[in-house]
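S.K.: Next input, structure requested:
(2 chains)
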Protein chains: 2
Amino acid sequence: MIITIEPDSEVAIYVQLMNQIIEGIAKGDLKPGDSLPSVRTLASDLSVNMHTVNKSYHELEKKGIIRIVPKSGAIINEFPSINEQSKEKIYKHLKPIVAEAFVLGMTKNEVNSLLNKIIDELKR
Amino acid sequence: MIITIEPDSEVAIYVQLMNQIIEGIAKGDLKPGDSLPSVRTLASDLSVNMHTVNKSYHELEKKGIIRIVPKSGAIINEFPSINEQSKEKIYKHLKPIVAEAFVLGMTKNEVNSLLNKIIDELKR
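M.R.: A predicted model of the protein is given here:
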């Protein structure tokens, strides 16, 4: 999978990296059990600071998406089925964005179409 | 409208406040032209630091949702219709959350139901 960092984005680089890894897993480009590149390798490939890659990996670990194993590196976890706590977390992250979409003038249908576009991009 | 701050949440207090104001506008509890309480009043009502409220207001201003007018305070903007730039911003915020939902085991249908629940809560 190809990771693209936009240095001028308003989204912090470690968040961009984290989001692209999450999208890669959602799409199936990265699978449970796969190892992520070492912090050093990825930092060098993307021309970003090692601390930035490290921060992404630690945030992914906090979210329960990867585990960091000494010597083996960062490994993608298995996700059996959604639990109520995760669902609640997604709900809490999703709601303010949908609210912002309405405030900025999107209609229900536009929000639904946008979601379906995203679902299609992630789950082909 | 009632604003509830969860001090123990992993979401920063200024973000909680900002999100609830956005949700209030989406629901129609707050309307374009309405003034938000002064920073001092809201900080005191919610028992949070004035800097926290100030930060929320400035982030809302950066998003183009309110304008801060000297002496008059924070006023909610009019939103005529969505533009491509805003739509792109919403897309960029929405996509990583949907990806995370899939990674954590939600199905397409579950994501769609969750979105429809949120739409119903915001647009009755």
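
S.K.: Could you use CA atoms for every contact and neighbour count after this?
M.R.: OK.

S.K.: can you tell me how far the closest residue to residue A:50 other than its chain neighbours sits from chain B?
M.R.: Excluding its sequence neighbours, the residue lying closest to residue A:50 (CA to CA, 6 or more residues apart in numbering or on different chains) is residue A:43, at 5.2 Å. As defined by CA to the nearest CA, to the nearest Å, residue A:43 lies at a distance of 21 Å from chain B.

S.K.: so for the helix or strand residue A:43 falls within, what's the average pLDDT?
M.R.: In this structure, residue A:43 is located in helix A:39-46 according to DSSP states H and E. Mean pLDDT, helix A:39-46: 95.

S.K.: Quick check: what element follows it along the chain?
M.R.: Sequence-wise, the next helix or strand downstream of helix A:39-46 (DSSP H and E) is helix A:50-62.

S.K.: Just the angle for that following helix relative to helix A:39-46, thanks.
M.R.: Counting by axes from the mean of the first three to the mean of the last three CA atoms, to 10 degrees, helix A:50-62 points 120 degrees away from the direction of helix A:39-46.

S.K.: ok, whichever helix or strand comes after helix A:50-62 near chain B or not?
M.R.: Counting by DSSP H and E, the next helix or strand C-terminal to helix A:50-62 is strand A:66-69. No. Using CA under 8 Å from any CA of the partner chain, strand A:66-69 never reaches chain B; the gap is at least 10.7 Å.

S.K.: Name the residues that touch strand A:66-69?
M.R.: Strand A:66-69 is contacted by residues A:57, A:60-61, A:74-77 when judged by CA atoms under 8 Å, 6 or more residues apart in numbering or on different chains.

S.K.: By neighbour count, which of those wins?
M.R.: Neighbour counts for the contacts of strand A:66-69 (other CA atoms under 10 Å in any protein chain shown) peak at residue A:57, which has 26 neighbours.

S.K.: relative orientation of the longest helix along chain A and helix B:84-103 in degrees?
M.R.: Longest helix in chain A, counting residues (DSSP state H): helix A:84-103. Calculated by the same axes, to 10 degrees, helix A:84-103 forms an angle of 170 degrees with helix B:84-103.

S.K.: Confirm for me that the residue nearest to residue A:50 is in contact with residue A:56.
M.R.: No. Counting by CA atoms under 8 Å, residue A:43 does not reach residue A:56; the two are 11.0 Å apart.

S.K.: So which of the two has more stuff around it?
M.R.: residue A:56 (20 against 17).

S.K.: pLDDT wise, what is that one at?
M.R.: As predicted, residue A:56 sits at a pLDDT of 97.

S.K.: That one is in contact with residue A:12, isn't it?
M.R.: No. Contact criterion CA under 8 Å: residue A:56 and residue A:12 do not qualify, at 10.3 Å.

S.K.: what does chain A put close to chain B?
M.R.: So chain A meets chain B at A:19-20, A:22-23, A:25-26, A:65, A:79-82, A:86-87, A:90-91, A:93-106, A:108, A:112, A:114-115, A:118-119, A:122 (CA under 8 Å from any CA).

S.K.: Please report the distance of residue A:113 from residue A:60.
M.R.: 28 Å (CA to CA, to the nearest Å).

S.K.: Right, I'll call it a day here.
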